[in-house]
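Asker: prediction below, plus the sequence it came from.
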Protein chains: 4
Amino acid sequence: MAGPIRVTVWNEFRHETSNADIARIYPNGMHAAIACHLETRGFAVKTATLDEPQHGLTEDVLSETDVLTWWGHAAHREVEDEIVERVQRRVLDGMGLIVLHSGHFSKIFKKLMGTTCNLKWREIAEHERIWVVEPGHPIAQGLPPYFELDHVEMYGERFDIPAPDQLVLLSWFPGGEVFRSGCCFNRGSGKIFYFRPGHETFPLFHNEHVLRVITNAVRWAAPAGGPPVEFGNLQPLEDIKIRP
Amino acid sequence: MAGPIRVTVWNEFRHETSNADIARIYPNGMHAAIACHLETRGFAVKTATLDEPQHGLTEDVLSETDVLTWWGHAAHREVEDEIVERVQRRVLDGMGLIVLHSGHFSKIFKKLMGTTCNLKWREIAEHERIWVVEPGHPIAQGLPPYFELDHVEMYGERFDIPAPDQLVLLSWFPGGEVFRSGCCFNRGSGKIFYFRPGHETFPLFHNEHVLRVITNAVRWAAPAGGPPVEFGNLQPLEDIKIRP
Amino acid sequence: MAGPIRVTVWNEFRHETSNADIARIYPNGMHAAIACHLETRGFAVKTATLDEPQHGLTEDVLSETDVLTWWGHAAHREVEDEIVERVQRRVLDGMGLIVLHSGHFSKIFKKLMGTTCNLKWREIAEHERIWVVEPGHPIAQGLPPYFELDHVEMYGERFDIPAPDQLVLLSWFPGGEVFRSGCCFNRGSGKIFYFRPGHETFPLFHNEHVLRVITNAVRWAAPAGGPPVEFGNLQPLEDIKIRP
Amino acid sequence: MAGPIRVTVWNEFRHETSNADIARIYPNGMHAAIACHLETRGFAVKTATLDEPQHGLTEDVLSETDVLTWWGHAAHREVEDEIVERVQRRVLDGMGLIVLHSGHFSKIFKKLMGTTCNLKWREIAEHERIWVVEPGHPIAQGLPPYFELDHVEMYGERFDIPAPDQLVLLSWFPGGEVFRSGCCFNRGSGKIFYFRPGHETFPLFHNEHVLRVITNAVRWAAPAGGPPVEFGNLQPLEDIKIRP
């Protein structure tokens, strides 16, 4: 790619405007926190939110996006099916997609996975330890063997996703749960990364390790520049020998 | 499982009633040919077709089906979304699904894959050679290293599916094409097998190798009897030490 | 397969003869405990141990073995390379292999994996919770969503293995560790299952869940009856068109 | 990584010195052809050959190598086991490895795969078509949907390797064979790419598509900079609650 990777950071942006505690952590929204960090890493970053026209995801915006990050929680149902299908087409056409935390239940993630994407959860501000299980993967770049987050919402297995094409991170929680927290999927010409942390009531998008994972994931998910994909009817070849 | 595996053979059943050439090959429909063979293998077999009420796939039928086979081609759009979602739920809950040939474009397969499931094709009655590339897989049971089909419709890569969880069969065509022809997927608690051959204008569901693959796939895809899957909010555990 | 699955239970059988505490748990060796259980499940079971001639693994024994289970710990180095290569050939030819606990460091497992198979460990009789993450897999048959073992040796990630072809079980330990505890691998025509529990100082091979997993794994790993595998020089085909 | 990727191009370098026809194609050896191209792509390139002391692969050379490419054919047995183990350790520690053509039978590839790596072959200068089946993979960058090679040695399935972690390229041959020609494997912290073309009697390492694949593979296989991997005994944690 010639220029910098172009990232669009999408956010539901409802909790931050309706809950004072959350607004204190993310005064301009979680998308602003993520976008600010990504800009310091040299990406060309834009943001988009649910309440913009077309949720900020017009054909033009998507066609100029290399990697889209997605955070949603309370308003998954308000995302219009037409926009979801548009995002899906763009992913299959090569755009990267980073799905964060409660985005596991977003329409776009469920549509791309084909499963319920359901899981177990508990919200008591417990702590989490995240292990790197695939240390050679680009998304592990610069990480320690494990890192800890002090206060999180727990997500536990069974996580109803297809087996990831690569499993990079595994989480441990004090209540006896484990979770596949960093999962890579290839779909069409696009790459998808699901990353578990990111609950709205904790300052996780200010955490250095969380931000590093997202940064690495953006680089990994950027379009690879592979061949155009052709489908459809091939012309009858009259000179095919029916037996070689 | 106590009794025999219960199979429901689903067929669009339109070509056989509207095209005399196809009716000669499959006088009672492709489903009848497949079902007859599976009965000789000891399965408990029923059939269902598009034009039955609810396409023959009521909640009762599905709840008593261990493995569903699916053939569709000209009328994918006529399959009601509600029934598609019902089948999807049953697959995620453990029912096996065998998708045959042009079923690659069925609503249910696309929904479970999350991709377009598009491909290249050519219909000149060329021949096909199908190689076993995973000889230890149960679906390869009793097959030769490769088998040939005299007259088929060609399907060629790029086949827009997620990378299969196991790739069992690879096809070769005389025009220079290759295809991933036997693909296993795990989704939810269910198993899915896509099998390429089966064009309506050729007697492929009378071919011994094709029938053997379908038979093996039914055995492989039958519910495994694993644990019930639990999701949702876990009770706050007051006695969790926040640090171990 | 016509008759029952033929299992050979291999054991180093040193701890049980040199340590009275271990002998109390397994008076006839761990292999006897495992073999007794497998016999109740209808398998045709034999045992073999390190100090027998050829470690009990003659060509004849292996050629009549469908699935071999392997437990070793203190004497991996004493297993002769020639026997290891013999077992490897048999696995690639279709024999199943179940590697238990400290067998992760056996010559045969390392040879089949191509990696160090190293890991972290701690022995303080802590407890373990094992989650089923792939509920549709045959090895999960009859298991609850998770099961617990009261006193175990801990194994923790990073576990230096190739990414398993299917990951069925994930372990949680109270000290903050996680582990891929039930791992399926296909190698050649053979299937390999690594299963974590089984430390010699705890009665784990008397535990119902551990025994069920081993039983399920034996069924899963039994030879599939696929095609013979052919290699080597194909005869020059004089009539190949160099362009189709 | 700060500087350019450091590549060591290894070659058996025997055919080129003993066969005049081959010497005409590769006057300075296949390694020189590959190295020259990689230099034009901005890599820091060295070469090493079988008949150098330690095959040119001293600890120093390997410790300063990010990616090693390997071509061998007639003299696999002459590669010393000690050097093979040294290369294996370096791969598991993060060095990339690109295995070319007949290198499928090298000691290092077989050791890392754990299988025979055997296959079918035929040498009649037939042509080959190579399809990209994973267009989103970095190794597909800049490739067309397929490319053709006019004169090659054929390799056909069954190729006795573990299922690749990603399958990028599939080959078609006019005699009815198919082959998994571009295979990615993760082992330890290292990445391995097997690439099929490269027979010594054809000028394949002058072909633009072959060189592009190798170039892309070098970039993909370069060390990711992930965490150091720690193994061994963890200190007993006296304060672990045995139940959470």
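Answerer: Nice, thanks for sending it over.
Asker: any idea how far stretch A:209-216 is from the middle of the chain?
Answerer: Distance of stretch A:209-216 from the chain centroid (Cα atoms, centre = their mean, to the nearest Å) equals 12 Å.
Asker: touching chain D at all, that stretch?
Answerer: No: interface with chain D: stretch A:209-216 contributes nothing (Cβ under 8 Å from any Cβ of the partner chain), its closest point being 8.9 Å away. The way it works is simple: take the backbone N, C-alpha and C, and place the C-beta from them, glycine included.
Asker: cool, and stretch A:2-13?
Answerer: No: figure legend: stretch A:2-13 not in contact with chain D (Cβ under 8 Å from any Cβ); closest approach 13.4 Å.
Asker: buried residues in that stretch?
Answerer: For stretch A:2-13, the neighbour count (16 or more other Cβ atoms under 10 Å in any protein chain shown) marks A:I5, A:R6, A:V7, A:T8, A:V9, A:W10, A:N11, A:E12, A:F13 as buried.
Asker: and the first one, how far from chain B?
Answerer: Here the distance between A:I5 and chain B works out to 24 Å (Cβ to the nearest Cβ, to the nearest Å).
Asker: and what of the third one?
Answerer: In this structure, A:V7 and chain B are separated by 23 Å, where distance is defined by Cβ to the nearest Cβ.
Asker: OK, contacts around that residue?
Answerer: A:A35, A:L38, A:F43, A:A44, A:V45, A:K46, A:T65, A:D66, A:V67, A:L68, A:T69, A:V218 (Cβ atoms under 8 Å, 6 or more residues apart in numbering or on different chains).
Asker: and the longest helix along chain A, what does it pack against?
Answerer: In chain A, assigned by DSSP state H, the helix with the most residues is helix A:208-221. Contacts defined by 3 or more Cβ pairs under 8 Å, 6 or more residues apart in numbering or on different chains; DSSP states H and E place helix A:208-221 against helix A:30-40, strand A:67-71, strand A:96-100, strand A:146-156, strand A:190-195.
Asker: what's the first helix or strand after it?
Answerer: Once the chain leaves helix A:208-221, the next helix or strand it forms, by DSSP states H and E, is strand A:232-233.
Asker: state the mean pLDDT of that next one.
Answerer: Strand A:232-233 carries an average pLDDT of 92.
Asker: each with direction, which strands does that strand pair with?
Answerer: If you go by DSSP bridges, strand A:232-233 pairs up with strand B:120-132 (parallel).
Asker: what's the angle from the partner strand to strand D:146-156?
Answerer: 20 degrees (axes from the mean of the first three to the mean of the last three Cα atoms, to 10 degrees).
Asker: circling back to that earlier point, now list the buried members of the contacts of A:V7.
Answerer: A:A35, A:L38, A:F43, A:V45, A:K46, A:T65, A:D66, A:V67, A:L68, A:T69, A:V218.
Asker: in these, find the pair that's most separated.
Answerer: Across the buried ones among the contacts of A:V7, no pair lies farther apart than A:A35 and A:D66, at 14.4 Å, counting by Cβ to Cβ.
Asker: so what touches the helix or strand of chain A with the lowest mean pLDDT?
Answerer: Every helix and strand of chain A was ranked by mean pLDDT, DSSP states H and E. The lowest is strand A:232-233, at a mean of 92. Strand A:232-233 is contacted from outside by B:N118, B:K120, B:W121, B:R122, using Cβ under 8 Å, 6+ apart.
Asker: the first one contacts B:I161, correct?
Answerer: No: the pair formed by B:N118 and B:I161 falls short of the contact definition of Cβ atoms under 8 Å, at 9.4 Å.
Asker: got the residues of chain A near chain D?
Answerer: Counting by Cβ under 8 Å from any Cβ, chain A sits next to chain D at A:94, A:132, A:134-138, A:140-145, A:165-166, A:174-176, A:186, A:188-191, A:223-230, A:244.
Asker: ok, now how distant is A:F147 from B:E12?
Answerer: 53 Å (Cβ to Cβ, to the nearest Å).
Asker: low-confidence ranges in chain A?
Answerer: Scanning chain A for pLDDT under 70 picks out A:1, A:237-244.
Asker: switch to 90 and redo it
Answerer: Along chain A, segments meeting pLDDT under 90 span A:1-2, A:234-244.
Asker: for it, which residues are neighbours of chain C?
Answerer: Contact residues, chain A versus chain C (Cβ under 8 Å from any Cβ): A:129, A:131-135, A:145, A:157-159, A:163, A:166-167, A:170-172, A:176-178, A:180, A:237, A:239-241, A:244.
Asker: filter those residues down to just the ones in strands.
Answerer: Secondary structure from DSSP state E places A:R129, A:W131, A:V132, A:Q166, A:L167, A:L170, A:S171, A:W172, A:V178, A:R180 of the residues of chain A next to chain C in strands.
Asker: for those residues, give me TSV that also has distance to D:Q88.
Answerer: Formatted as TSV, those follow (distance: Cβ to Cβ, whole Å):
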residue	distance to D:Q88
A:R129	31
A:W131	25
A:V132	22
A:Q166	22
A:L167	23
A:L170	26
A:S171	31
A:W172	31
A:V178	31
A:R180	29
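Asker: format those residues as CSV; extra columns: neighbour count.
Answerer: Listed next are those as CSV, based on neighbours: other Cβ atoms under 10 Å in any protein chain shown:
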residue, neighbour count
A:R129, 18
A:W131, 25
A:V132, 24
A:Q166, 21
A:L167, 20
A:L170, 26
A:S171, 24
A:W172, 28
A:V178, 27
A:R180, 24
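Asker: was I right to think A:P203 contacts A:I22?
Answerer: No: between A:P203 and A:I22 there is no contact under Cβ under 8 Å: 10.0 Å.
Asker: distance between stretch A:4-24 and the chain's centre?
Answerer: In this view, stretch A:4-24 has its centroid 14 Å away from the chain centroid, taken as Cα atoms, centre = their mean.
Asker: contacts only, for A:L169.
Answerer: Neighbouring residues of A:L169 by Cβ under 8 Å, 6+ apart: A:I130, A:W131, A:V132, A:V133, A:I139, A:R180, A:S181, A:G182, A:C183, A:F195, A:R196, A:V213.
Asker: so how far is A:L149 from A:F205?
Answerer: 11 Å.
Asker: neighbour count winner among those two?
Answerer: A:F205 (25 against 20; other Cβ atoms under 10 Å in any protein chain shown).
Asker: show me what contacts that one?
Answerer: By Cβ under 8 Å, 6+ apart, the neighbours of A:F205 are A:Y26, A:M30, A:A33, A:I34, A:H37, A:G198, A:L211.
Asker: repeat that for 7 Å
Answerer: In this structure, A:F205 makes contact with A:M30, A:A33, A:I34, A:G198, A:L211, judged by Cβ atoms under 7 Å, 6 or more residues apart in numbering or on different chains.
Asker: okay, the helices and strands packed on helix A:208-221 in CSV with distance to B:V61 next?
Answerer: Shown next, in CSV, are these (distance: least, Cβ to Cβ, whole Å):
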stretch, distance to B:V61
helix A:30-40, 46
strand A:67-71, 37
strand A:96-100, 35
strand A:146-156, 34
strand A:190-195, 34
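Asker: which of the ones you listed sits closest to chain B?
Answerer: Closest of those to chain B is strand A:146-156, at 6.9 Å (criterion: Cβ to the nearest Cβ).
Asker: so which bits of that closest one are buried?
Answerer: Under 16+ other Cβ under 10 Å, the buried positions of strand A:146-156 are A:Y146, A:F147, A:L149, A:V152, A:E153, A:M154, A:Y155, A:G156.
Asker: just send those residues back as JSON lines, with distance to A:D51 too.
Answerer: JSON lines is the format used below for the buried residues of strand A:146-156 (distance: Cβ to Cβ, whole Å):
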{"residue": "A:Y146", "distance to A:D51": "38"}
{"residue": "A:F147", "distance to A:D51": "34"}
{"residue": "A:L149", "distance to A:D51": "29"}
{"residue": "A:V152", "distance to A:D51": "27"}
{"residue": "A:E153", "distance to A:D51": "24"}
{"residue": "A:M154", "distance to A:D51": "30"}
{"residue": "A:Y155", "distance to A:D51": "27"}
{"residue": "A:G156", "distance to A:D51": "32"}
